[in-house]
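Visitor: Here you go, sequence then predicted model.
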Protein chains: 2
Amino acid sequence: MARILVEGDDTLLGGLRDAAQPAFVCTIASSNTGAIEGISIAGASAEMRKYTPPADMEALFYGSARCIPGVAATPDGIPSPVIITMAALGAMALPVFVVDAGSEVSPQTPYFRLGGSPARSVVTGHAVEDAEIIFERGWHLGANLAKLTDYLILGESVPAGTTTALAVMLALGLDAEGRVSSTMIGGAHGLKQAAVDLGFKAAGITKGSLEGAPLRAIAAVGDPMQAAVAGIASAASERIPVMLAGGTQMAAVAAVMDRLGKANMTNVCIGTTRWVLEDPDADIVTLARQAGCPRIYAADLDFGAARFEGMHVYEAGLVKEGVGAGGAAVAALTYGGLDDDELLRRIEAVYEATVLPMIAGS
Amino acid sequence: MARILVEGDDTLLGGLRDAAQPAFVCTIASSNTGAIEGISIAGASAEMRKYTPPADMEALFYGSARCIPGVAATPDGIPSPVIITMAALGAMALPVFVVDAGSEVSPQTPYFRLGGSPARSVVTGHAVEDAEIIFERGWHLGANLAKLTDYLILGESVPAGTTTALAVMLALGLDAEGRVSSTMIGGAHGLKQAAVDLGFKAAGITKGSLEGAPLRAIAAVGDPMQAAVAGIASAASERIPVMLAGGTQMAAVAAVMDRLGKANMTNVCIGTTRWVLEDPDADIVTLARQAGCPRIYAADLDFGAARFEGMHVYEAGLVKEGVGAGGAAVAALTYGGLDDDELLRRIEAVYEATVLPMIAGS
């Protein structure tokens, strides 16, 4: 059985099942927002965090990272959700493309550049250089990719990305307070909100004051991934369905696309995990609805009975999403024809091949 | 009527006509070989030459360059062959991807990076850093692109690229002396050979001494484009036909692929212009045969009766090829269904829109 939780209409889910040739595109970026103590655990330490996005991409291409051993992990050793993406993509042999929208460390893979650079911290109020340029080049990339594929799945790997997501959604006027997900239990909402408040003050903006200028919102308090994915997805949505594969970070991207008015939002959905959809400390359903993308498909992953104890922790509410894990899993369960058990077995196999040797070696 | 000159079997030409969705990929790079006085006129001056590859890519995306006004041109004002590529691609709305394998100036477009850097001069004997890495990442890119398209057309824009082509073919043991084409009348063969001789001495190699190590030949006396395109094309040729779109530079790429032994050479052809195929100062037919790619399709372009006098100069034997002009023209005349006159009208229209304003403004 393949269980997928559907919020809103399921037309874009059926479209994925019947697609002739989907493609997976993962956009990475760094943001100095991650330097705020306690705001992100996407990486074993603050110093290691800059390797998380490139390590995730290398793992997708080569089966394990090259810039670090194994795969990225939290300080507690919980592996990056890339293990889910690897398992899901491996089952489908989907074409994979990387977009480096501004990563501090570039991946040792082929990757697209759109001209972006790592973001300054959200607290500066001028976080992203060249948001308009990144969007425009993302647009051209999306238009070209849409000629070659009939379904785009767009993932991301951006440490501290939920904080910049919160900031952008608030700048656009969404009631996003306390609603973004986190890798951490509880959600670190106070810390994130405090950082956003500082950024708003520095930028001289207030909630909703940039409703009509989403790229300015990104420039002030966002990250380069948001501009890149909004551009790619907006152009592609004119021709084909697009799945924004991620958690509440992708609600922010959807909101940018919706407010810019250059996308066909009926062709846009969010693909994620049950852990995000049912996150008691967040509310992606409300965010997506306010973002003009009331269509969420979540893979009903359950690691409670996984063969490796290290995987059970996903059920505890940490690491919930990332690297397009949920969307890739949804694709594996529809387009790929896998059932829940087969997908779990594949994720266990990836865990065994990439994470166990790290534990043994530590 | 659409006239295409066929050398060897025409199976890959028919395959292009019937392709469902071809894609065009152009790889750019810089080489300090271009700093040798008199070796290249691909750019209005030595200083301007570093802008030629990015300018060509920007023109493909936006209708004119962004890093310079209009389009790249020779010191005499002969426009880059990109005007042919623009006209041909414009007729087909082909998806276009740029690969920056090591350009001194990056294009203001989306582009792939494989990790390369601009090449040192061929005379140094250690021209290219990381040829193996560029090839490997090119391979991964080609494998992914081949899942999305059923025909790849691979162009290049590398000033001084025929000198590095000559050098690599000689290192592989081809009888390439005096056989590479040139933007210049006469071919500047003596100058090129002298530079290659210096490079061979510096690298401690002789003709044919790197026959079994083509990536070492590139590392010693080649350019990064060769490694990138060889990687992309080798991987793609396992699944789909690949057209190396260019003149004698592409014979060098074919030779690298053939000697590496990782490509399906029956799926590889060269697409070029009549000006290259019939170049009295060069011999692409012999080179391609020795390179293991005895299959050349040349667009029978004739600018002798073109509406603009500035185009007649192509018939004088200057600027013969580049930016995949010939291969793109072959695609327009087959897959695109254009006849010779329609293609010429379209090239004239591009000339009128992009080159005439430059002349008027100078």
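Guide: Yep, it's here.
Visitor: can you pull the contacts of the closest residue to residue A:15 other than its chain neighbours?
Guide: Taking CB to CB, 6 or more residues apart in numbering or on different chains, and ignoring the residues beside it in sequence, residue A:15 has residue A:241 as its nearest neighbour in space, at 4.9 Å. Every residue, glycine included, has its C-beta placed from N, CA and C. Under the criterion of CB atoms under 8 Å, 6 or more residues apart in numbering or on different chains, the contact partners of residue A:241 comprise A:12, A:15, A:16, A:19, A:150, A:151, A:152, A:267, A:268, A:269.
Visitor: Residue A:142 now?
Guide: Contact analysis of residue A:142 by CB under 8 Å, 6+ apart lists A:152, A:231, A:232, A:233, A:234, A:235, A:236.
Visitor: buried ones in stretch A:266-277?
Guide: When burial is assessed from 16 or more other CB atoms under 10 Å in any protein chain shown, stretch A:266-277 yields the following buried residues: A:267, A:268, A:269, A:270, A:271, A:272, A:273, A:274, A:275, A:276, A:277.
Visitor: Using CSV, write down the CA coordinates of it.
Guide: As requested, C-alpha coordinates have been extracted for stretch A:266-277 and formatted as CSV (Å, rounded to 0.1, in the frame of the first residue of the first chain):
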residue,chain,number,x,y,z
THR,A,266,-3.3,25.9,-10.3
ASN,A,267,-0.2,24.0,-11.5
VAL,A,268,1.6,24.3,-8.2
CYS,A,269,1.5,22.0,-5.2
ILE,A,270,3.6,21.3,-2.1
GLY,A,271,5.0,17.9,-1.5
THR,A,272,6.2,17.0,1.9
THR,A,273,6.3,14.5,4.7
ARG,A,274,3.7,13.5,7.3
TRP,A,275,6.1,14.9,9.9
VAL,A,276,5.6,18.4,8.5
LEU,A,277,2.0,18.1,7.7
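Visitor: Spatially, which two of the buried residues of stretch A:266-277 are the most separated?
Guide: A:267 and A:275 (25.9 Å; CB to CB).
Visitor: Kindly check the end-to-end length of stretch A:314-323 for me.
Guide: Across its full length, stretch A:314-323 reaches 15 Å end to end, with CA to CA, to the nearest Å as the criterion.
Visitor: residues of it that come out buried?
Guide: Neighbour counts over stretch A:314-323 (16+ other CB under 10 Å) mark A:314, A:317, A:318, A:319, A:320, A:321, A:322, A:323 as buried.
Visitor: now stretch A:336-354
Guide: Along stretch A:336-354, these residues count as buried under the neighbour rule (16+ other CB under 10 Å): A:336, A:338, A:340, A:342, A:343, A:344, A:346, A:347, A:348, A:350, A:351, A:354.
Visitor: Output those as a markdown table; include the columns pLDDT, secondary structure and distance to chain B.
Guide: Converted to a markdown table, those look like this (pLDDT from 0 to 100; DSSP: H, G, I helix; E, B strand; the rest coil; distance: CB to the nearest CB, whole Å):
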| residue | pLDDT | secondary structure | distance to chain B |
| --- | --- | --- | --- |
| A:336 | 97 | coil | 14 |
| A:338 | 96 | coil | 19 |
| A:340 | 94 | helix | 26 |
| A:342 | 96 | helix | 22 |
| A:343 | 97 | helix | 21 |
| A:344 | 96 | helix | 26 |
| A:346 | 97 | helix | 20 |
| A:347 | 96 | helix | 22 |
| A:348 | 96 | helix | 26 |
| A:350 | 96 | helix | 19 |
| A:351 | 94 | helix | 24 |
| A:354 | 92 | helix | 18 |
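Visitor: out of these, what pair is the most spread apart?
Guide: Within the buried residues of stretch A:336-354, A:340 and A:354 form the most distant pair, 21.4 Å apart (CB to CB).
Visitor: contacting residues for residue A:210?
Guide: Under the criterion of CB under 8 Å, 6+ apart, the neighbours of residue A:210 are A:171, A:172, A:216, A:217, A:220.
Visitor: Just to be sure, which of those residues are found in helices?
Guide: Per DSSP state H, helices hold the following members of these: A:171, A:216, A:217, A:220.
Visitor: What does residue A:68 show for phi and psi?
Guide: Backbone torsions for residue A:68, taken as degrees, to the nearest 10, come to phi -140, psi 160.
Visitor: my bad, residue A:152
Guide: phi -110, psi 130.
Visitor: So for it, what pLDDT did the model give?
Guide: Among the per-residue scores, residue A:152 holds a pLDDT of 98.
Visitor: How about the one 4 residues further on?
Guide: pLDDT, the model's per-residue confidence, is 97 for residue A:156.
Visitor: what pairs with the helix or strand containing it, and is each one parallel or antiparallel?
Guide: Counting by DSSP states H and E, the secondary-structure element that holds residue A:156 is strand A:151-157. The pairing partners recorded for strand A:151-157 under DSSP bridges are strand A:22-28 (parallel), strand A:242-245 (parallel).
Visitor: Need these in JSON lines (columns: mean pLDDT).
Guide: Formatted as JSON lines, the entries for these read as follows, by pLDDT from 0 to 100:
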{"stretch": "strand A:22-28", "mean pLDDT": "98"}
{"stretch": "strand A:242-245", "mean pLDDT": "98"}
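Visitor: winner for burial among those?
Guide: Each of those was assessed for mean neighbour count using mean count of other CB atoms under 10 Å in any protein chain shown. The highest is strand A:242-245, with a mean of 32.
Visitor: What residues does the stretch 101-250 of chain A have near chain B?
Guide: Applying CB under 8 Å from any CB of the partner chain, one finds that the stretch 101-250 of chain A approaches chain B through A:106, A:108-115, A:133, A:137-138, A:140-141, A:144-145, A:147-149.
Visitor: Rank the helices and strands of chain A by mean pLDDT and give me the bottom one.
Guide: Of all the helices and strands that make up chain A, the one with the lowest confidence by mean pLDDT, DSSP states H and E is helix A:356-361; it has a mean of 79.
Visitor: The stretch 251-362 of chain A: helices as residue ranges?
Guide: Taking DSSP state H, counting those that start in this stretch, the helices of the stretch 251-362 of chain A run over residues A:274-277, A:284-290, A:309-312, A:325-333, A:340-350, A:356-361.
Visitor: Identify each buried residue in the third one, please.
Guide: The one in question is helix A:309-312. Within helix A:309-312, the residues that qualify as buried are A:310, A:311, counting by 16+ other CB under 10 Å.
Visitor: which residues sit against that helix?
Guide: Residues contacting helix A:309-312 (CB under 8 Å, 6+ apart): A:77, A:78, A:79, A:303, A:304, A:306, A:347, A:348, A:351, A:355, A:359.
Visitor: Using PyMOL, define a selection of the buried residues within these.
Guide: Applying 16+ other CB under 10 Å to those, the buried members can be selected in PyMOL as follows:
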select buried, chain A and resi 78+79+303+306+347+348+351+355
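Visitor: Need the max-distance pair from the contacts of helix A:309-312.
Guide: Using CB to CB, the pair of the contacts of helix A:309-312 lying farthest apart is A:304 and A:359, separated by 19.9 Å.
Visitor: ok but residue A:181 is inside a helix, no?
Guide: No. Assignment of residue A:181 by DSSP: H, G, I helix; E, B strand; the rest coil gives coil, placing it outside any helix.
Visitor: which residues does it contact?
Guide: Counting by CB under 8 Å, 6+ apart, residue A:181 makes contact with A:162, A:187, A:247, A:248, A:276, A:279, A:281, A:282, A:284, A:320, A:321.
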